[in-house]
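1. sequence first, then the predicted structure, then my questions.
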Amino acid sequence: MKKNKTTRTLLVIALVALVMAATYAFTASNTVPGSQAGSGSGAISGYSVSNIHYTADATTPDNMDSVSFDLDNAAGDVKVTVVDGGTVYDCGASAGVSNTVTCDTTAGTQATISPANNLTVVAVS
(Lines give C-alpha, C1' and ligand atoms only; values in the text may rest on other atoms or scores of the structure.)
Protein backbone atom coordinates (compact mmCIF):
# COMPACT_ATOMS: atom_id res chain seq x y z
CA MET A 1 0.00 0.00 0.00
CA LYS A 2 2.86 2.36 0.84
CA LYS A 3 4.43 1.74 -2.58
CA ASN A 4 1.13 2.71 -4.27
CA LYS A 5 1.00 5.99 -2.30
CA THR A 6 4.58 6.84 -3.25
CA THR A 7 3.87 6.09 -6.90
CA ARG A 8 0.81 8.35 -6.85
CA THR A 9 2.79 11.15 -5.21
CA LEU A 10 5.55 10.87 -7.82
CA LEU A 11 2.93 10.80 -10.58
CA VAL A 12 1.29 13.97 -9.22
CA ILE A 13 4.68 15.72 -8.96
CA ALA A 14 5.54 14.68 -12.52
CA LEU A 15 2.17 15.94 -13.78
CA VAL A 16 2.61 19.32 -12.01
CA ALA A 17 6.11 19.63 -13.50
CA LEU A 18 4.74 18.87 -16.96
CA VAL A 19 1.98 21.49 -16.63
CA MET A 20 4.50 24.09 -15.41
CA ALA A 21 6.81 23.34 -18.32
CA ALA A 22 3.94 23.68 -20.80
CA THR A 23 2.86 26.98 -19.21
CA TYR A 24 6.41 28.31 -19.43
CA ALA A 25 6.58 27.30 -23.09
CA PHE A 26 3.43 29.31 -23.87
CA THR A 27 4.56 32.43 -22.03
CA ALA A 28 8.09 32.28 -23.39
CA SER A 29 6.82 32.44 -26.96
CA ASN A 30 4.99 35.79 -26.63
CA THR A 31 6.42 38.85 -28.37
CA VAL A 32 5.49 42.29 -27.07
CA PRO A 33 6.47 45.35 -29.12
CA GLY A 34 8.08 48.34 -27.43
CA SER A 35 5.92 51.24 -26.36
CA GLN A 36 6.25 54.64 -24.75
CA ALA A 37 4.78 56.16 -21.64
CA GLY A 38 5.59 59.29 -19.73
CA SER A 39 4.42 62.57 -18.40
CA GLY A 40 5.47 66.17 -18.81
CA SER A 41 4.38 69.71 -18.27
CA GLY A 42 4.59 73.07 -19.98
CA ALA A 43 3.68 76.62 -19.11
CA ILE A 44 0.32 78.00 -20.20
CA SER A 45 0.30 81.68 -20.96
CA GLY A 46 -2.45 83.92 -22.21
CA TYR A 47 -2.76 85.97 -25.37
CA SER A 48 -2.78 89.75 -25.65
CA VAL A 49 -5.68 91.05 -27.71
CA SER A 50 -5.43 94.42 -29.48
CA ASN A 51 -6.92 96.46 -32.35
CA ILE A 52 -10.50 95.35 -31.63
CA HIS A 53 -12.95 96.37 -34.35
CA TYR A 54 -16.70 95.70 -34.50
CA THR A 55 -18.51 95.79 -37.86
CA ALA A 56 -22.18 96.76 -37.91
CA ASP A 57 -24.48 95.41 -40.60
CA ALA A 58 -24.94 97.95 -43.42
CA THR A 59 -28.70 97.29 -43.72
CA THR A 60 -29.59 96.76 -40.05
CA PRO A 61 -27.06 98.73 -37.99
CA ASP A 62 -28.26 97.13 -34.71
CA ASN A 63 -26.85 93.81 -35.95
CA MET A 64 -23.16 93.01 -35.59
CA ASP A 65 -21.68 91.25 -38.64
CA SER A 66 -18.21 90.60 -37.23
CA VAL A 67 -15.56 91.39 -34.69
CA SER A 68 -11.88 91.43 -35.57
CA PHE A 69 -8.73 91.79 -33.49
CA ASP A 70 -5.05 90.98 -33.39
CA LEU A 71 -3.40 88.38 -31.15
CA ASP A 72 0.21 88.72 -30.02
CA ASN A 73 0.91 85.07 -31.05
CA ALA A 74 -0.51 82.64 -33.57
CA ALA A 75 -3.51 80.59 -32.45
CA GLY A 76 -4.82 77.37 -33.97
CA ASP A 77 -8.40 77.91 -32.82
CA VAL A 78 -10.24 81.01 -31.60
CA LYS A 79 -13.76 81.50 -30.29
CA VAL A 80 -15.53 84.62 -28.98
CA THR A 81 -18.64 85.77 -27.20
CA VAL A 82 -19.84 89.38 -27.14
CA VAL A 83 -22.50 88.95 -24.45
CA ASP A 84 -21.89 87.34 -21.05
CA GLY A 85 -23.21 83.78 -21.34
CA GLY A 86 -24.25 84.40 -24.96
CA THR A 87 -23.65 82.65 -28.27
CA VAL A 88 -20.14 81.33 -28.90
CA TYR A 89 -18.82 82.19 -32.36
CA ASP A 90 -16.12 80.03 -33.96
CA CYS A 91 -13.44 82.21 -35.55
CA GLY A 92 -11.05 79.55 -36.82
CA ALA A 93 -7.31 80.23 -36.62
CA SER A 94 -5.32 83.47 -36.61
CA ALA A 95 -3.74 84.37 -39.93
CA GLY A 96 -0.85 86.41 -41.21
CA VAL A 97 2.07 88.16 -39.59
CA SER A 98 -0.14 90.24 -37.32
CA ASN A 99 -2.21 87.19 -36.28
CA THR A 100 -5.42 88.95 -37.20
CA VAL A 101 -8.63 87.13 -36.33
CA THR A 102 -12.01 87.94 -37.86
CA CYS A 103 -15.06 86.33 -36.30
CA ASP A 104 -18.32 86.09 -38.23
CA THR A 105 -21.04 86.92 -35.71
CA THR A 106 -23.93 86.16 -38.08
CA ALA A 107 -23.79 82.35 -37.78
CA GLY A 108 -26.59 80.84 -35.72
CA THR A 109 -27.97 83.63 -33.57
CA GLN A 110 -26.65 86.89 -35.02
CA ALA A 111 -25.00 89.19 -32.51
CA THR A 112 -26.64 92.52 -31.90
CA ILE A 113 -24.83 95.62 -30.75
CA SER A 114 -27.18 96.78 -28.00
CA PRO A 115 -26.78 93.84 -25.56
CA ALA A 116 -23.04 93.40 -26.32
CA ASN A 117 -21.39 93.88 -22.94
CA ASN A 118 -18.25 91.78 -22.80
CA LEU A 119 -15.87 90.50 -25.47
CA THR A 120 -14.51 87.12 -24.34
CA VAL A 121 -11.75 85.63 -26.47
CA VAL A 122 -10.73 81.98 -26.08
CA ALA A 123 -7.62 81.11 -28.09
CA VAL A 124 -5.49 77.97 -28.15
CA SER A 125 -2.38 77.11 -30.09
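-> Looks like it came in fine.

2. correct me, but Cys103 touches Val78?
-> Yes. Between Cys103 and Val78 there is a contact under C-beta atoms under 8 Å: 7.2 Å. C-betas here are computed from N, CA, C, even on glycine.

3. hey, what's in contact with both of those two?
-> Common contacts of Cys103 and Val78 (C-beta atoms under 8 Å, 6 or more residues apart in numbering): Cys91.

4. low-confidence stretches in the protein?
-> 1-5, 10, 12, 14, 16, 18-19, 21-29 (pLDDT under 70).

5. strands of that one, start to end?
-> 49-56, 64-71, 77-81, 89-92, 100-104, 120-124 (DSSP state E).

6. okay, those strands in a markdown table with distance to Ala111 and mean neighbour count next?
-> Listed next are the strands of the chain as a markdown table, based on distance: least, C-beta to C-beta, whole Å; neighbours: other C-beta atoms under 10 Å:
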| stretch | distance to Ala111 | mean neighbour count |
| --- | --- | --- |
| strand 49-56 | 9 | 13 |
| strand 64-71 | 4 | 19 |
| strand 77-81 | 9 | 19 |
| strand 89-92 | 7 | 18 |
| strand 100-104 | 9 | 19 |
| strand 120-124 | 12 | 15 |
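
7. adding distance to Thr9, write those strands out as TSV.
-> What follows is the strands of the chain, written out as TSV (distance: least, C-beta to C-beta, whole Å):
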stretch	distance to Thr9
strand 49-56	84
strand 64-71	81
strand 77-81	72
strand 89-92	77
strand 100-104	82
strand 120-124	70
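
8. among the ones you listed, which comes closest to Ala43?
-> Closest approach to Ala43 among those is made by strand 120-124 (14.1 Å; C-beta to C-beta).

9. can you tell me which helices and strands the closest one packs against?
-> strand 77-81 (3 or more C-beta pairs under 8 Å, 6 or more residues apart in numbering; DSSP states H and E).
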